[in-house]
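Visitor: how would this look folded up:
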Amino acid sequence: MQLDSFRPRSQKQKFLSVNPLKPQDSSGCRIGIFLLRSCSFQFLCNNNTIQLSSSRPRYQKQRILCFDPLRTQDFINPQLGESKFGYYGVRRRNRSLMVSSKSVMSVDKVLESDGREGVGGNSSYDAIVIGSGIGGLVAATQLAVKGAQVLVLEKYVIPGGSSGFYQRDGFTFDVGSSVMFGFSDKGNLNLITQALAAVGCKMEVIPDPTTVHFHLPNNLSVLVHREYSEFIAELASKFPHEKEGILKFYNECWKIFNALNSLELKSLEEPIYLFRQFFKKPLECLTLAYYLPQNAGDIARKYIKDPQLLSFIDAECFIVSTVNALQTPMINASMVLCDRHFGGINYPVGGVGEIAKSLAKGLMDQGSEIIYKANVTSIIVDHGKAVGVRLSDGRELFAKTIISNATRWDTFGKLLKGEDLPREEESFQKLYVKAPSFLSIHMGVKADVLPPDTDCHHFVLENDWTYLENSYGSIFLSIPTVLDSSLAPEGHHILHIFTTCSIEDWEGLSLKDYKAKKDLVADEIISRLEEKLFPGLKSSIVFKEVGTPKTHRRYLARDSGTYGPMPRRTPKGLLGMPFNTTAVDGLYCVGDSCFPGQGVIAVAFSGVMCAHRVAADIGLEKKSPVLDAALLRLLGWFRTLA
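Guide: I've put the predicted structure just below:
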């Protein structure tokens, strides 16, 4: 039964369109009820009414047919099980209706426009988000709850990016870090809690009594307790002659954290918000402005002289930013070094991947969408404005705005290939290089190899402080089953091991040599942990999987496997970091290569800021075009100072 047809933008795009003004009739099957504003579609087949679904289009020209793939529809025996985004045709076979599809990926809800808008015309979506990392999902959900129609396109089969998960042999592994900030129930920096609550989600979490246990040169062992007073007491006991300096440095961190924590966090590129916050909290705003161009290492050296203690602070900052304290913005360091005591580290029950899964569910509950195995290959620009995206299968999707959760290098080097690199991106790439990637080792081990009082997180740098930033120099270890035993089979633990390295170490190898090198390097890392922490570790391994920077590049679509930017030289705080807006009209960036940088709490902040700026630009928030232009020019000038 042919309902209606239209000419798609490309041969690969063939969508089903219904003309409500032309009821069709075919052998007793006819289309019954149509409402233009809230389109409701029914079929009367042999006097049986079949409700497909309904959707409220944004424009009169949009006529949308929506199938729920989780509900089997009955067209006189045939079953509609899994609906998929792609080619849809409706035909008649043996007096029955059947829906056929060439799928790209099944989703919980499929929603397609009639495809009649051209480039630069009205679009079906207010925003398309490329990538479903935490930054992208926070931006998407924040926009959705403001009333925007958002489409998230994810290359992989699950959401989360480097905060995703995978399962093997009964183990549930976090793809990236297991140190989760932003999950507390107080303050304004509990951004993950707020993002989940905005879409009606709440997750059960397990408080971590420690942030990390440092194992450092000269047998220096420092445990970062959840309670701030206990941490300061422990650190002062190791460096009694520097107790006053320790207090002064961390007190400055608290000054910054308290200023941030007192403000309503929205876009720093939105002048109405900034003026409102300044008049409400002038002292806090001035405090942040004062520290904006400063780095943690410079502040530490004002109060501390002991070289080993300064090296410890370097290690503290290295976990935050993969660089030492002299290159870590003071605001970034303060967010992490204080929130671990204020809100604490709280591990989500079921693993880190549950965060992204909950946000994705919340997004769809708001009427927006996420599609998996949707590999965006380019951003479509028309007359200088980003208007859509092109997928690897040839489909083109259009929206008022495009938000890229890819790195800045991927966004401007690959997705905008052929476009001139904007001047501000040239400046950014002169100031920053790609931070190194990681060698990651996921292991399942027998539980008895770990002492009963083992901490969840460890940082190991055995012999020489100068190795801190070298490839394979330091090791970060997470054991999430210390907090949530459900992630592994009974009698087992998960070990997740990270060490920095460059993708150049893994290029130009044959497949055989590549696998051999993976085994060799992983064996050396495991041997170091066996010697330092867990005797008998190798013999306890029941599962092991090794990932290199090439793995991170392949599965997470990160240029060179990088995790954010690293300054080429000593930066002036955060002044050089790009924000969410870009030189391309309608294109925004979000994630760890935008202000304020790496880390879960930082990318969540980036997502909140991006959603606010986009909402203002599409008319969902108040906006002043004159003030906007002035502020963006001012921020651009600030970046030249870095």
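
Visitor: Provide a complete list of residue ranges assigned to helices in the stretch 501-642 of the chain.
Guide: Ranges of helices in the stretch 501-642 of the chain, per DSSP state H, counting those that start in this stretch, are 511-532, 549-556, 600-617, 625-641.

Visitor: would you turn these into CSV with mean pLDDT?
Guide: Below are those laid out as CSV (pLDDT from 0 to 100):
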stretch, mean pLDDT
helix 511-532, 96
helix 549-556, 91
helix 600-617, 94
helix 625-641, 80
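
Visitor: any low-confidence regions in the stretch 51-200 of the chain?
Guide: Along the stretch 51-200 of the chain, segments meeting pLDDT under 70 span 51-123.

Visitor: Any idea how far apart the tips of stretch 385-400 sit?
Guide: Between the opening and closing residues of stretch 385-400 there is a gap of 9 Å (C-alpha to C-alpha, to the nearest Å).

Visitor: export the helices of the stretch 501-642 of the chain to a markdown table and tack on distance to Pro240 and mean neighbour count?
Guide: Using the backbone N, CA and C atoms, a C-beta is placed for each residue, glycine as well. Compiled in a markdown table, the helices of the stretch 501-642 of the chain are given as follows (distance: least, C-beta to C-beta, whole Å; neighbours: other C-beta atoms under 10 Å):
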| stretch | distance to Pro240 | mean neighbour count |
| --- | --- | --- |
| helix 511-532 | 26 | 14 |
| helix 549-556 | 42 | 20 |
| helix 600-617 | 32 | 27 |
| helix 625-641 | 40 | 13 |
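
Visitor: residues near the residue nearest to Pro565 when sequence neighbours are not counted, how many?
Guide: Of all residues not flanking Pro565 in the chain, Tyr432 sits nearest, at 3.7 Å (C-beta to C-beta, 6 or more residues apart in numbering). Close neighbours of Tyr432, defined as other C-beta atoms under 10 Å, add up to 21.

Visitor: Show me what counts as buried in stretch 181-201.
Guide: Within stretch 181-201, the residues that count as buried by 16 or more other C-beta atoms under 10 Å are 181-184, 187, 189-196, 198-199, 201.

Visitor: Of those residues, which belong to helices?
Guide: Using DSSP state H, the subset of these located in helices is 191-196, 198.

Visitor: okay, these in CSV with distance to Leu477 next?
Guide: As requested, those are exported to CSV (distance: C-beta to C-beta, whole Å):
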residue, distance to Leu477
Leu191, 26
Ile192, 23
Thr193, 26
Gln194, 30
Ala195, 28
Leu196, 28
Ala198, 33
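
Visitor: of these, closest to Pro565?
Guide: Comparing those against Pro565 with C-beta to C-beta places Leu191 closest, at 20.6 Å.

Visitor: so Phe249 sits right up against Tyr303, yeah?
Guide: Yes: if you go by C-beta atoms under 8 Å, Phe249 and Tyr303 touch, sitting 5.0 Å apart.

Visitor: hey, what's in contact with both of the two?
Guide: Common neighbours of Phe249 and Tyr303 are not found (criterion: C-beta atoms under 8 Å, 6 or more residues apart in numbering).

Visitor: So these two - more neighbours on which side?
Guide: Legend: neighbour count by other C-beta under 10 Å for Phe249 and Tyr303, higher for Phe249 (23 against 16).

Visitor: who touches the more buried one in this structure?
Guide: The contact partners of Phe249, by C-beta under 8 Å, 6+ apart, come to 299-300, 302-304, 313.

Visitor: how about the CA coordinates for the helix or strand containing it, as PDB?
Guide: For Phe249, the host element (DSSP states H and E) is helix 243-262. Below are the C-alpha coordinates for helix 243-262, written out as PDB (Å, rounded to 0.1, in the frame of the first residue of the first chain):
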ATOM      1  CA  LYS A 243      52.500  22.800  57.700                       C
ATOM      2  CA  GLU A 244      51.900  26.500  57.400                       C
ATOM      3  CA  GLY A 245      52.600  26.500  53.600                       C
ATOM      4  CA  ILE A 246      50.300  23.500  53.100                       C
ATOM      5  CA  LEU A 247      47.400  25.300  54.900                       C
ATOM      6  CA  LYS A 248      48.000  28.500  52.900                       C
ATOM      7  CA  PHE A 249      48.100  26.800  49.500                       C
ATOM      8  CA  TYR A 250      45.000  24.600  50.100                       C
ATOM      9  CA  ASN A 251      43.200  27.600  51.700                       C
ATOM     10  CA  GLU A 252      43.600  29.500  48.400                       C
ATOM     11  CA  CYS A 253      42.100  26.500  46.600                       C
ATOM     12  CA  TRP A 254      39.100  26.600  48.900                       C
ATOM     13  CA  LYS A 255      38.700  30.400  48.300                       C
ATOM     14  CA  ILE A 256      38.300  29.600  44.500                       C
ATOM     15  CA  PHE A 257      36.100  26.600  45.100                       C
ATOM     16  CA  ASN A 258      33.800  28.400  47.400                       C
ATOM     17  CA  ALA A 259      33.400  31.300  44.900                       C
ATOM     18  CA  LEU A 260      32.600  28.800  42.200                       C
ATOM     19  CA  ASN A 261      30.300  26.800  44.400                       C
ATOM     20  CA  SER A 262      28.300  29.900  45.300                       C
END
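
Visitor: Okay, buried residues for it please.
Guide: 245-246, 249-250, 252-257, 259-262.

Visitor: So what sits opposite Val129 in the bridge?
Guide: Note on Val129: beta-bridge partners by DSSP bridges are Val152, Ile403.

Visitor: where's it relative to Ala406, distance?
Guide: Val129 sits 10 Å away from Ala406, going by C-beta to C-beta, to the nearest Å.

Visitor: now Asp174
Guide: Separation of Asp174 from Ala406 (C-beta to C-beta): 21 Å.

Visitor: Is Gln308 in contact with Asn219, as I believe?
Guide: No: if you go by C-beta under 8 Å, Gln308 and Asn219 don't touch, sitting 11.3 Å apart.

Visitor: Neighbour count for these two, which is higher?
Guide: Higher neighbour count among Gln308 and Asn219: Gln308, with 14 against 7, using other C-beta under 10 Å.

Visitor: got the contact list for the more buried one?
Guide: Taking C-beta under 8 Å, 6+ apart, one finds 218, 220, 239, 465 in contact with Gln308.

Visitor: And whatever helix or strand comes next after the helix holding Phe249, what's buried?
Guide: Using DSSP H and E, the helix or strand that follows helix 243-262 in sequence is helix 271-280. Neighbour-count burial for helix 271-280, counted by 16+ other C-beta under 10 Å, picks out 271-274, 277.

Visitor: Which other helices and strands does helix 271-280 contact?
Guide: Applying 3 or more C-beta pairs under 8 Å, 6 or more residues apart in numbering; DSSP states H and E, one finds that helix 271-280 contacts helix 282-291, helix 625-641.

Visitor: For Thr481, find the nearest of those.
Guide: Of all the helices and strands packed on helix 271-280, helix 282-291 comes closest under C-beta to C-beta, at 38.3 Å.

Visitor: Run through who's touching that closest one.
Guide: Contact with helix 282-291 is made by 255-256, 258-260, 262-263, 274, 277-278, 330-331, 334, 573, as judged by C-beta under 8 Å, 6+ apart.

Visitor: Just want the angle from that helix to helix 243-262.
Guide: Interaxial angle, helix 282-291 versus helix 243-262 (axes from the mean of the first three to the mean of the last three C-alpha atoms, to 10 degrees): 120 degrees.

Visitor: so for the very next helix or strand once past helix 282-291, what's the average pLDDT?
Guide: Following helix 282-291 in sequence order, the next helix or strand is helix 296-303 (DSSP H and E). On average, the pLDDT along helix 296-303 is 96.

Visitor: what does helix 296-303 contact?
Guide: By C-beta under 8 Å, 6+ apart, the surrounding residues in contact with helix 296-303 are 244-246, 248-249, 252, 310, 313-314, 317, 324-330, 332-334.

Visitor: Would you indicate which residues of that helix are buried?
Guide: Residues of helix 296-303 classed as buried: 296-297, 299-301, 303 (neighbour count, 16+ other C-beta under 10 Å).

Visitor: No further queries at this time; thank you.
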